[in-house]
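In: All I have is the shape, not the residue letters:
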């Protein structure tokens, strides 16, 4: 009986963690980020596969070359590949 109760709590904990992860992913995907104005913290928090180093690389590229004209221009930044661009394309904007 104790085993069943323990198993129930483990299962319930796993389910609640998965629900929280799904919620965080939904919140992240629902946000549109303007890569011409966002700071490094926003870029790293809101874009998949973008950490602090890549976020700073985006800002450095933007400062050196001017604003991005299209979302596809993000692939000109060192460390940003096609997979990262594709996974974020729907919630990136250039205004």
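Out: Great, that's in hand. Values in this document were obtained by computation on a predicted structure and should not be read as measured data.
In: Give me the residues contacting the helix or strand encompassing residue 83.
Out: Using DSSP states H and E, the element containing residue 83 is helix 82-88. Applying CB atoms under 8 Å, 6 or more residues apart in numbering, the contact partners of helix 82-88 are 47-50, 54, 71-72, 74-75. The way it works is simple: take the backbone N, C-alpha and C, and place the C-beta from them, glycine included.
In: Show me how to select, in ChimeraX, the buried members of these.
Out: Listed next is the ChimeraX selection for buried residues among the contacts of helix 82-88, using 16 or more other CB atoms under 10 Å:
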select :47,50,54,71,74
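In: could you redo the contacts of helix 82-88 as JSON lines and give each row distance to residue 95?
Out: Below are the contacts of helix 82-88 laid out as JSON lines (distance: CB to CB, whole Å):
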{"residue": "47", "distance to residue 95": "16"}
{"residue": "48", "distance to residue 95": "21"}
{"residue": "49", "distance to residue 95": "22"}
{"residue": "50", "distance to residue 95": "19"}
{"residue": "54", "distance to residue 95": "21"}
{"residue": "71", "distance to residue 95": "11"}
{"residue": "72", "distance to residue 95": "15"}
{"residue": "74", "distance to residue 95": "14"}
{"residue": "75", "distance to residue 95": "19"}
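In: Could you pull up the residues touching the closest residue in space to residue 59 that isn't next to it in sequence?
Out: The shortest distance from residue 59 to any non-neighbouring residue, by CB to CB, 6 or more residues apart in numbering, is to residue 40 (5.8 Å). By CB under 8 Å, 6+ apart, residue 40 lies in contact with 52, 55-56, 58-59.
In: List buried residues within the residues you listed.
Out: Among the contacts of residue 40, those classed as buried by 16+ other CB under 10 Å are 55, 58-59.
In: That'll do, ta.
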